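Enquirer: sharing a sequence plus its predicted fold:
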Amino acid sequence: MRLGDVLTGGALVAGGGLVAHAARGFPRMAGIAYGPDLFPTIAAAGLMLCGLAIAAEGARADPGAAAEQERLAPGRIIALLGIVAGTALALPWLGFHLTFAAATLAACRVFGGGWIAAAALGAVAPLALHYIFYSLLRVPLPWGVLTPVAW
Amino acid sequence: MLEHFAAVLAPTNLLVILVCTFYGAFVGAMPGLTATMAVALLVPFTYFMDPLAAVSAIVATTTTAIFAGDISGALLKIPGTPASAAYVEDSYAIARAGKPRTVLFTALLTASLGGIIGVAILTAAAPQLARFAVRFSSYEAFWLASLGLTCAVFVGTSSVARNFASLFIGLIIASVGIDVVVGHPRFTFGSVELLNGISFIPAMIGMFALSELLRNAQSRDPGRLATMVVEPVGEALRAAFGHVRRYKLNVGRSGVLGTLIGALPGAGADIAAWIAYALSRRLSRSPEKYGRGHIEGVVDGGSANNAAVAGAWTPAIVFGIPGDSVTAIAIGVLLMKGLTPGPQIFTTDAALVYTLFGSFFLANVLMLFSGFLAILAATRLLRAPRAVLMPMVLALSLVGGYAITASTTAIWIILALGALGFFMERARIPIAPAILGIVLGRILEDNFMVSMLKARGQIAPFFARDESLVLGVLTLALWAFLLLRAGREILRPRPLQRKT
């Protein structure tokens, strides 16, 4: 038995079950036997069947055949996800330049860069992105607290 | 006709085409910026151009942008446009094996050849192809979308159950937003911005780019990516020409296939690439190498998607029905210029039609020059330290996603789907079928529900027309084949392969 496959299968069955359960609450049009719930329910049922098949594959598999996987580094994974979440939260009020300066600086540190490289990247990257997206492609990037000095 | 082609070679028109091939290469190579977005951003500029130059600009931009999507796909595993997603595993694996320029030059040459095949067919057979495509009703559209999705399971490198699981995840994501039957919001969690569904660009950035960044974040070695070997230009060019010579029949086959698929309304360059890749794998002598760095799939997918760009113009100019989102914008531009696409356009505005054909041909030739320079510039990216490149990719991905909706919802979607993609990869569930599920899910559901309403819940009308019967039987046969294969895999589980 491969425990990882059984867990993956279980997670897919649970996920499909949740979607199917949520879809049951969608309203239907009078006189029609199918509505907004039909498609998500079909997809959820399919996902649950796949979960069962993956779990069955895992249950029958030779445990010695486990693949080598890179070891999970939860600290850096959480840090990177935190940077993305922080960017989404800060962007509207802090503005594009300051948010992306902080995000690129922090990301450089996560990927093993030194403080000097991180600071340099944090200073240059927002300006380069500003030129490409704001000046050339006319994407309306928010200025946030820098609005008084917007150019 | 000759004087119309002469108009294409006018210095102003040549300059427009050349500039737009560079612009297309730049936008297409940027993760998250699609060919559609490149054309949409071009529209304000076409306002100041004459109609011939406007059409040339759109054609040149799209042609190059579709190719340039391969650049970031091969170098960073982030397809620049959805059309490059079908073979990104192969192109990225080849680049990581020290042949980034070889795979990109091969992609450039096959894209150019595929595009030229597409324009040749467009020129010769536009009215006939459009007459076939325009007969499609919601039944055929449903079966065609189903066939496209089944191809995604076919091309998946994992077990059938895992490929299907990925596809169903994509379909569930695609069901977010207002439904087509009663207008009920599904899985929106009260967010107004999710009413229109999950935007495809942030979804693709999250699942491909962020998940790859998360995988990279597991190592703290600041210089690892820079160790990717870049081969000399001459060696890469020789190898690329060798690949094209060796797979010349694939280029021809996928060029024709891509044009035909592109001409079908709703089926654009991305579906053409998926189907060409799946067919290539079925017909190949070494199907087991697909998804692990085999150039044959890149040749087929790369020539099909650029051929489809030309194919999509067929119903657009002959019947005014856009073959894809780019031609939808192009029709808008033509209407803005007082030109109405339709059967009469061949007589009333013949100059425009032949300029379109000529521009397509020229764009595919000039693309060789701009694409070559773009590849040389892009491969220098690899010499940047990983600790600099990865944060730049992250920032580029987040700004690219934000640019689509001008809202931070896009960044939240990138976050959620990036984490999902990362854990899917760890569970050896491929990402590509989920992406196609997201792209085609809405088309599939809309056409299914419209067909169900027309058929009053009966199944027989789904097979009543000749076209729908052929497509339906083909799809069902593939499903039956895949179910049998899934059964075999459960009874005899395959040994696991190490992740590459």
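Expert: Noted; the coordinates are in hand. Residues are numbered from 1 along each chain as shown, chains lettered A, B, ... in the order given.

Enquirer: around residue 60, how many other residues sit close by?
Expert: Going with chain A. 15 (other C-beta atoms under 10 Å in any protein chain shown). C-beta here means a position set from N, CA and C on the backbone, and glycine is covered the same way.

Enquirer: think we crossed wires, I meant chain B
Expert: Residues near B:Ala60, counting by other C-beta under 10 Å: 29.

Enquirer: B:Ala269 now?
Expert: Residues within reach of B:Ala269, counting by other C-beta under 10 Å, total 33.

Enquirer: state the distance from it to A:Arg138.
Expert: B:Ala269 sits 25 Å away from A:Arg138, taking C-beta to C-beta, to the nearest Å as the criterion.

Enquirer: can you tell me the closest non-neighbouring residue to residue 146?
Expert: By default, I'm working from chain A. Leaving aside its sequence neighbours, A:Leu146 sits nearest to A:Gly95 (C-beta to C-beta, 6 or more residues apart in numbering or on different chains; 4.9 Å).

Enquirer: can you look at chain B instead?
Expert: Nearest one to B:Ser146, counting by C-beta to C-beta, 6+ apart, is B:Thr475 at 4.8 Å.

Enquirer: how about B:Phe48, secondary structure?
Expert: Recorded secondary structure, B:Phe48: coil (DSSP: H, G, I helix; E, B strand; the rest coil).

Enquirer: do you know the pLDDT at it?
Expert: At B:Phe48, the model reports a pLDDT of 74.

Enquirer: any idea how far it is from B:Ala57?
Expert: For B:Phe48 relative to B:Ala57 (C-beta to C-beta), the value is 11 Å.

Enquirer: the two: who's more crowded?
Expert: B:Ala57 (26 against 8).

Enquirer: looking at chain B, which helix is longest?
Expert: For chain B, the helix that runs over the most residues, judged by DSSP state H, is helix B:100-133.

Enquirer: after that one, which helix or strand is next?
Expert: Counting by DSSP states H and E, the next helix or strand C-terminal to helix B:100-133 is helix B:138-155.

Enquirer: distance from the chain centre to that following helix, please.
Expert: 15 Å (C-alpha atoms, centre = their mean, to the nearest Å).

Enquirer: quick check: the residue nearest to A:Leu146 touching A:Pro148?
Expert: No: A:Gly95 is beyond contact range of A:Pro148, at 10.9 Å (criterion: C-beta atoms under 8 Å).

Enquirer: neighbours of B:His184, how many?
Expert: Residues near B:His184, counting by other C-beta under 10 Å: 18.

Enquirer: pull the contacting residues for it.
Expert: Each residue near B:His184 by C-beta atoms under 8 Å, 6 or more residues apart in numbering or on different chains is listed here: A:Phe26, A:Pro27, A:Gly35, A:Pro36, B:Ile178.

Enquirer: of those residues - the most surrounded one?
Expert: Top of those by neighbour count (other C-beta under 10 Å): A:Pro36, with 25 neighbours.

Enquirer: pLDDT below threshold where in chain A?
Expert: A:1, A:63-71 (pLDDT under 70).

Enquirer: which bits of the stretch 401-500 of chain B sit near chain A?
Expert: Within the stretch 401-500 of chain B, the residues that sit near chain A (C-beta under 8 Å from any C-beta of the partner chain) are B:402-403, B:406, B:408, B:411-412, B:414-415, B:418-419, B:422, B:426-429, B:445, B:448-449, B:452-453, B:457, B:486, B:489-491, B:493, B:495-499.

Enquirer: which residues touch the residue nearest the centre of chain A?
Expert: The residue lying closest to the centre of chain A (C-alpha atoms, centre = their mean) is A:Leu81, at 7.8 Å. Contact analysis of A:Leu81 by C-beta under 8 Å, 6+ apart lists B:Leu214, B:Leu415, B:Gly418, B:Ala419.

Enquirer: show me the strands in chain B, by range?
Expert: When secondary structure is read from DSSP state E, chain B shows strands at B:177-178, B:185-186.

Enquirer: sheet partners, orientation included, of the first one?
Expert: To tie it back to what came earlier, the one meant is strand B:177-178. Paired with strand B:177-178 in the same sheet, following DSSP bridges, are strand B:185-186 (antiparallel).

Enquirer: which residues are contacting the partner strand?
Expert: Taking C-beta under 8 Å, 6+ apart as the rule, strand B:185-186 contacts A:Ala23, A:Phe26, A:Pro36, A:Pro40, B:Ser175, B:Val176, B:Gly177, B:Ile178, B:Asp179, B:Leu194, B:Leu195.

Enquirer: help me confirm that B:Ile58 comes into contact with B:Val333.
Expert: Yes: assessed by C-beta under 8 Å, B:Ile58 is found in contact with B:Val333 at 6.7 Å.

Enquirer: more neighbours: which of those two?
Expert: Counted by other C-beta under 10 Å, B:Ile58 and B:Val333 do not tie: B:Ile58 has more neighbours, with 28 against 20.

Enquirer: need the contact list for the most centrally placed residue in chain B.
Expert: The centre of chain B sits closest to B:Ala83, judged by C-alpha atoms, centre = their mean, with a distance of 1.3 Å. For B:Ala83, the contacting residues are B:Ala35, B:Ile66, B:Gly69, B:Gly268, B:Ala269, B:Asp270, B:Ala272, B:Ala273, B:Asn305, B:Ala308, by C-beta under 8 Å, 6+ apart.

Enquirer: 6 Å instead, please
Expert: B:Ile66, B:Gly69, B:Ala269, B:Asp270, B:Ala273, B:Asn305 (C-beta atoms under 6 Å, 6 or more residues apart in numbering or on different chains).

Enquirer: now do it against B:Leu440, distance only.
Expert: 14 Å.

Enquirer: thinking again about what came up before, export the contacts of A:Leu81 as JSON lines, with columns for neighbour count, pLDDT and distance to B:Val299.
Expert: Listed next are the contacts of A:Leu81 as JSON lines, based on neighbours: other C-beta atoms under 10 Å in any protein chain shown; pLDDT from 0 to 100; distance: C-beta to C-beta, whole Å:
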{"residue": "B:Leu214", "neighbour count": "23", "pLDDT": "89", "distance to B:Val299": "31"}
{"residue": "B:Leu415", "neighbour count": "23", "pLDDT": "95", "distance to B:Val299": "35"}
{"residue": "B:Gly418", "neighbour count": "26", "pLDDT": "93", "distance to B:Val299": "30"}
{"residue": "B:Ala419", "neighbour count": "19", "pLDDT": "94", "distance to B:Val299": "34"}
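
Enquirer: may I ask which two of the residues you listed are separated the most?
Expert: In the contacts of A:Leu81, the most distant members under the criterion C-beta to C-beta are B:Leu214 and B:Leu415, with 10.6 Å between them.

Enquirer: returning to that earlier point: please name every helix or strand in contact with the longest helix of chain B.
Expert: Where contact means 3 or more C-beta pairs under 6 Å, 6 or more residues apart in numbering or on different chains; DSSP states H and E, helix B:100-133 is packed against helix B:51-76, helix B:88-96, helix B:233-246, helix B:248-263, helix B:295-311, helix B:313-319, helix B:350-379.

Enquirer: dump the ones you listed to JSON lines, plus distance to B:Trp143 and mean pLDDT.
Expert: Shown next, in JSON lines, are those (distance: least, C-beta to C-beta, whole Å; pLDDT from 0 to 100):
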{"stretch": "helix B:51-76", "distance to B:Trp143": "26", "mean pLDDT": "87"}
{"stretch": "helix B:88-96", "distance to B:Trp143": "27", "mean pLDDT": "89"}
{"stretch": "helix B:233-246", "distance to B:Trp143": "34", "mean pLDDT": "93"}
{"stretch": "helix B:248-263", "distance to B:Trp143": "14", "mean pLDDT": "90"}
{"stretch": "helix B:295-311", "distance to B:Trp143": "19", "mean pLDDT": "91"}
{"stretch": "helix B:313-319", "distance to B:Trp143": "18", "mean pLDDT": "74"}
{"stretch": "helix B:350-379", "distance to B:Trp143": "30", "mean pLDDT": "84"}
